[in-house]
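Visitor: sequence isn't available, so here's the structure alone:
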């Protein structure tokens, strides 16, 4: 008789999406999004007790 082990869906499938946040293996973070008609895009980072910081995003097509 064989035992079946429950495996969550996220454990079975893993691949990089073409958008979203990716933690890089050697440090740093990559942010990607789809905004083909946007003239400018900024990333807003905020801390619970601190001010917001805005960072302009660069387009690889630019």
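Guide: Thanks, I have it. Remember, it's a predicted structure, so these values are computed and weren't measured experimentally.
Visitor: can you pull the contacts of residue 45?
Guide: Contact analysis of residue 45 by Cβ atoms under 8 Å, 6 or more residues apart in numbering lists 52, 53, 55. The way it works is simple: take the backbone N, C-alpha and C, and place the C-beta from them, glycine included.
Visitor: residue 39: which of those residues is nearest?
Guide: Distance to residue 39, by Cβ to Cβ, is smallest for residue 55 among the contacts of residue 45, at 16.3 Å.
Visitor: surely that closest one is in contact with residue 43?
Guide: Yes - with contact defined as Cβ atoms under 8 Å, residue 55 and residue 43 form a contacting pair (4.6 Å).
Visitor: where do the helices sit along the protein?
Guide: Shown for the chain, the helices assigned by DSSP state H span residues 9-12.
Visitor: how about low-confidence regions in it?
Guide: Per-residue confidence for the chain (pLDDT under 70) gives these ranges: 1-17, 61-62.
Visitor: how about the strands in it?
Guide: Per DSSP state E, the chain carries strands over the ranges 20-23, 29-32, 42-46, 52-56.
Visitor: direction included, what does the first one pair up with?
Guide: Right, the one you point to is strand 20-23. Each strand pairing with strand 20-23, determined using DSSP bridges, is listed with its direction: strand 29-32 (antiparallel).
Visitor: list the buried residues for the partner strand?
Guide: For strand 29-32, the buried set under the neighbour-count rule, 16 or more other Cβ atoms under 10 Å, is empty.
Visitor: swap in stretch 48-58?
Guide: Using 16+ other Cβ under 10 Å as the burial criterion, none of the residues of stretch 48-58 qualify.
Visitor: what's the closest of the contacts of residue 45 to residue 27?
Guide: Nearest to residue 27 among those is residue 55, at 16.9 Å by Cβ to Cβ.
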